[in-house]
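*Asks:* What would the 3D arrangement of this be:
(chains A, B and C)
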Amino acid sequence: MTEELFIQGNEACAKGALKAGCRLFAGYPITPSTEVAETLAKELPKVGGSFIQMEDEIASAGAIIGSSWGGTKSMTATSGPGFSLMQENIGYAFITETPIVIVDVQRGSPSTGQPTMAAQGDIMQARWGSHGDYEPIVLSPSSVQEYFDFTVRAFNLAEKYRTPVFVMSDEVVGHMREKVIIRDDLEIIPRVKPESSENYLPFRNVKNGTNPMPAFGQGFDIHVTGLTHDERGYPDTDDPKTHETLVKRICDKILNNKDDICDIVAEDTENADIVVISYGAPVRSMITAVKNAQAEGKKVGYIKINTPWPFPDEQIYELTKSASDVIVIEMNLGQLYYEIDRVVKCHANTHLIDKIGGLLPTPNEILAKIEDVGGN
Amino acid sequence: MEQESPNKFLPYMRKDRLPHIFCTGCGNGTIISAFLKGMQKAEMDFENIAMVSGIGCSSRIPGYMECDSLHTTHGRALSFATGLKVSNPDLDVVVFSGDGDAASIGGNHLIHAARKNIDLTVICINNNIYGMTGGQISPTSPKGSIGTTAPYGTDDYPFKLAELVAAAGATYSARWTTVQIDNLVGSIKKALKNPGFSFVEVASQCPTYFGRKNKLRTPTAMAVTMKMNTVFKSEADRMREKDLEGKIIVGEFADKQRPDYTDNIQKLSEAKSGGKTLRYSAYMDDI
Amino acid sequence: MRREIRIGGFGGQGILMAGVIIGKAASLFDNNEAVQTQSYGPEARGGASKCEVVISDHEIDYPKVQNLDIFVAMSNEALIKYIGDLRDNGTLIVDPGTTDIEDVRDHIEAHNITVFEAPAGKIAAEDIGLLIVANIVMVGAITKFTEIITPDAAKEAILDSVPPGTEDKNIAAFEAGYSL
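*Replies:* The predicted structure is shown next:
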């Protein structure tokens, strides 16, 4: 039965998780993410799941990784300060290829910053927050419906590629209420159990990069370690080849599947003089501003990046080809801007609207920039 | 088994991972044997045991055991173990840890796991030093002992782990040394059977670092010193604090019953869902 | 057409609930689009509170107030603080029991603002016997004066939002506000 609800973004996220098969949440209270935990504390027991409140965010990340190896789809939700604490265990999840979903409802930062105000200052932390080489999948919703849909997709991608996935929302999308349509026929990707424990290698150097994953207690007697490991999962820390093979496979399984993972929306970019690019909540302001600029006769289009990571560089390159100017809108002082600049600077000038302080950039602020830039 | 094993515990080991990395004279081997003996005495099904550990010499033990094993980040083993246990309450989850891992970087997780009384069995191998990183002082190093980060001897006051964990709410807590095998095996058996948070601290020797730095050059010298310094809890209860300085108090510090965390969560879930379970739910396509 | 409404008051008046009901009525029962947002302060209780709803028959991109059409003031502090955001020829609804319209009389006249008085607190306390439903009385008044949502949708949204067992009192509160 399709359900229609008028709910907060964070509640929609929790409902998406339940729909995707999440049956364990471990977390620590932090504004502005608490509604995700509160909704799941109430709803998880009703579907046979478990909610655990941990002593801190380090433990929360540890608990969901442990739970995932127990055979349960698992998640946590936090905000910047907690996301910082989770980084070490996030690296562990990457090297052990553990499917988990982490939601970061971004707030003003650095440090304790602005707990009740919106920001996008963690978008590079999602990319590089833990030490070492890895390729995260990051989804960035700009509406309550997308917050639901992207949470479902986050679980599906986590299972499909045996990897952590981040949903990077913010205080605006987390707290606003809109209609959400919860369809019954959503695609849910279950975990794949290896066919037999005989000759099974949990970290085999397979061509597509992703191995099936057994749970503890299923008789596979596997060893999982954060040390560089061979195909059996055994530590092998001094053979350069082992490390290179492992880390390259973990990165390549994402990079070689960008066509499947990357998701962007482009409107009126062909023949546009100016292309405006954003992700997450500011997309809402961007679309209003672009429509207003078009009404003034300007040749303006926009790109909405739903997956900041892996960065959709080829699409952005192609879609901005006609433009002389590209305007990037972020609620930080310029983070994804440099990535976009890297891709488009051979054919366009890049400009940044860097809005910090907690409020969405207004359509008028963006329109003023479009007029200022002019195009061609 | 195809042939008579030279060691009765070898069938529990990952033979393709041997030899191990532990130094000659290290207490880890003795403790592995004591654990397996305690497990047999408790009539536990080894197939049902999952091991979790953090970082350090003692945390390498699960990697040598032929069971599901999760070798996690430094100090965080108990949080991973908590998630694993709640995710699959049928597993018997055992955590191997050291003094630096459990009491320094992981101290907060330790007291909270004890407070929750989650049904885990923790074997904490306390050798009073960071062995894997080369002999630095740990939060259990005795006052005056030498480490590479305390070249003039530490002035810090050491944690008493078994007492700390008992005070935090564990339902079973004990301390023995590697020279009191029968007591240790008995406590491991009790810990495994206890339906709640169980903590067995084992005072152990690190001849390579603690011994060399502190004029106890051979494993035998360390064992003798450890034995000499051991005081039973019943006796210690009658002694003055001043006289107990530098002593290893052995015995049980908690042995009681209180509802277990996993059980509480499961009961709530069963009551609210009408008997549904999360066990292996990740593999279901019609959840 | 896009219409923007802000309800301002202090914490504990049920301002958020009033906004949620309006948004829910518009989006689920009137088949319009609606976005509800609110401002969060650090206070757990008390303090100034505001809640905004944008309603449109088209998809709503920018979710916040740009050009405030309707301002509902349930405290004098909110009235003074937010009156300047109301557009020329906009609509102001005040509870005379908690606001003093004279404080903003000059502004109202200068900007040709239409004013409605809805004694929500008094009606809730005296007619319904439950001061806590003043916010629902105000939803009734908003529905009547602005037609931003239909009365049927408003009642469905109220029934969908209030705690079980309180439906009758809340519907009575709505009707009292709607009959102003």
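*Asks:* Quick check: phi and psi on the residue in chain C positioned nearest to chain B?
*Replies:* Relative to chain B, the nearest point of chain C is residue C:164 (18.4 Å; Cβ to the nearest Cβ). Where C-beta positions appear, they are placed from N, C-alpha and C, glycine not excepted. Dihedral angles of residue C:164 (phi, psi; degrees, to the nearest 10) stand at phi -60, psi 140.
*Asks:* ranges for the strands of the stretch 151-287 of chain B?
*Replies:* B:172-177, B:198-203, B:230-232, B:248-255 (DSSP state E, counting those that start in this stretch).
*Asks:* and among those strands, the most buried is which?
*Replies:* With neighbours taken as mean count of other Cβ atoms under 10 Å in any protein chain shown, the strands of the stretch 151-287 of chain B reach their highest mean count in strand B:198-203, at a mean of 29.
*Asks:* what does the stretch 151-287 of chain B have sitting close to chain C?
*Replies:* Taking Cβ under 8 Å from any Cβ of the partner chain as the test, the list of the stretch 151-287 of chain B residues beside chain C is empty.
*Asks:* max-length strand in chain A?
*Replies:* strand A:100-108 (DSSP state E).
*Asks:* Residue A:275 belongs to a strand?
*Replies:* Yes: the assignment for residue A:275 is a strand, going by DSSP: H, G, I helix; E, B strand; the rest coil.
*Asks:* Quick one: low-confidence residue ranges for chain C.
*Replies:* For chain C, the stretches flagged by pLDDT under 70 are C:40-46.
*Asks:* should've said the stretch 151-287 of chain B
*Replies:* In the stretch 151-287 of chain B there are no weaker segments when pLDDT under 70 is taken as the threshold.
*Asks:* What is the burial count for the residue in it that chain C sits nearest to?
*Replies:* In the stretch 151-287 of chain B, the residue found nearest to chain C is residue B:272; the distance is 18.4 Å by Cβ to the nearest Cβ. By the criterion of other Cβ atoms under 10 Å in any protein chain shown, residue B:272 has 16 neighbours.
*Asks:* my guess is it meets residue A:41, correct?
*Replies:* No: taking contacts as Cβ atoms under 8 Å, residue B:272 lies outside contact range of residue A:41: 11.2 Å.
*Asks:* So is the one helix or strand residue A:371 maps to next to chain C?
*Replies:* Using DSSP states H and E, residue A:371 sits within helix A:363-373. Yes: part of helix A:363-373 sits near chain C under the criterion Cβ under 8 Å from any Cβ, namely A:363, A:364.
*Asks:* Please identify the buried residues of that helix?
*Replies:* For helix A:363-373, burial by neighbour count (16 or more other Cβ atoms under 10 Å in any protein chain shown) applies to A:363, A:366, A:367, A:369, A:370, A:373.
*Asks:* And the residue lying closest to residue A:75 once chain neighbours are set aside, how far from chain C?
*Replies:* Spatial nearest neighbour of residue A:75, excluding adjacent residues (Cβ to Cβ, 6 or more residues apart in numbering or on different chains): residue A:101 at 4.1 Å. Separation of residue A:101 from chain C (Cβ to the nearest Cβ, to the nearest Å): 25 Å.
*Asks:* still on that earlier bit, tell me which of the strands of the stretch 151-287 of chain B lies nearest to chain A.
*Replies:* Of the strands of the stretch 151-287 of chain B, nearest to chain A by Cβ to the nearest Cβ is strand B:198-203, at 16.7 Å.
*Asks:* Just after the longest strand of chain A, pick out the following helix or strand.
*Replies:* Counting by DSSP H and E, what follows strand A:100-108 is strand A:114-118.
*Asks:* Could you list the buried residues of that following strand?
*Replies:* Going by neighbour count (16+ other Cβ under 10 Å), the buried part of strand A:114-118 is A:114, A:115, A:117, A:118.
*Asks:* near chain C, from these?
*Replies:* Counting by Cβ under 8 Å from any Cβ, the members of those near chain C are residue A:115.
*Asks:* Throw the buried residues of helix A:363-373 into a markdown table and include pLDDT and distance to residue C:172, thanks.
*Replies:* Listed next are the buried residues of helix A:363-373 as a markdown table, based on pLDDT from 0 to 100; distance: Cβ to Cβ, whole Å:
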| residue | pLDDT | distance to residue C:172 |
| --- | --- | --- |
| A:363 | 98 | 41 |
| A:366 | 98 | 46 |
| A:367 | 98 | 47 |
| A:369 | 98 | 51 |
| A:370 | 97 | 51 |
| A:373 | 96 | 57 |
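*Asks:* what's the first-to-last distance across stretch B:254-263?
*Replies:* 20 Å (Cα to Cα, to the nearest Å).
*Asks:* which outside residues touch it?
*Replies:* The contact list for stretch B:254-263 (Cβ atoms under 8 Å, 6 or more residues apart in numbering or on different chains) reads B:85-86, B:89, B:116-119, B:165-166, B:169-174, B:190, B:194-197.
*Asks:* Derive a PyMOL selection command for the buried subset of the residues you listed.
*Replies:* Paste this into PyMOL to select the buried members of the contacts of stretch B:254-263, with burial taken from 16+ other Cβ under 10 Å:
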select buried, chain B and resi 85+86+89+116+117+118+119+165+166+169+170+171+172+173+174+190+194+196+197
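*Asks:* still on that earlier bit, for the residue of the stretch 151-287 of chain B closest to chain C, which non-adjacent residue is closest in space?
*Replies:* Nearest non-adjacent residue to residue B:272 (Cβ to Cβ, 6+ apart): residue A:45, at 3.8 Å.
*Asks:* for that neighbour, what are its contacts?
*Replies:* A:51, B:268, B:269, B:271, B:272, B:273.
*Asks:* Quick check: the first one touching residue A:44?
*Replies:* In other words, residue A:51. Yes: using Cβ under 8 Å, residue A:51 is in contact with residue A:44, at 4.7 Å.
*Asks:* Overlap of the contact sets of the two?
*Replies:* Common neighbours of residue A:51 and residue A:44 (Cβ under 8 Å, 6+ apart) are A:24, A:25.
*Asks:* Could you confirm whether stretch B:161-173 reaches chain A?
*Replies:* No: applying Cβ under 8 Å from any Cβ, one finds stretch B:161-173 separated from chain A by no less than 11.4 Å.
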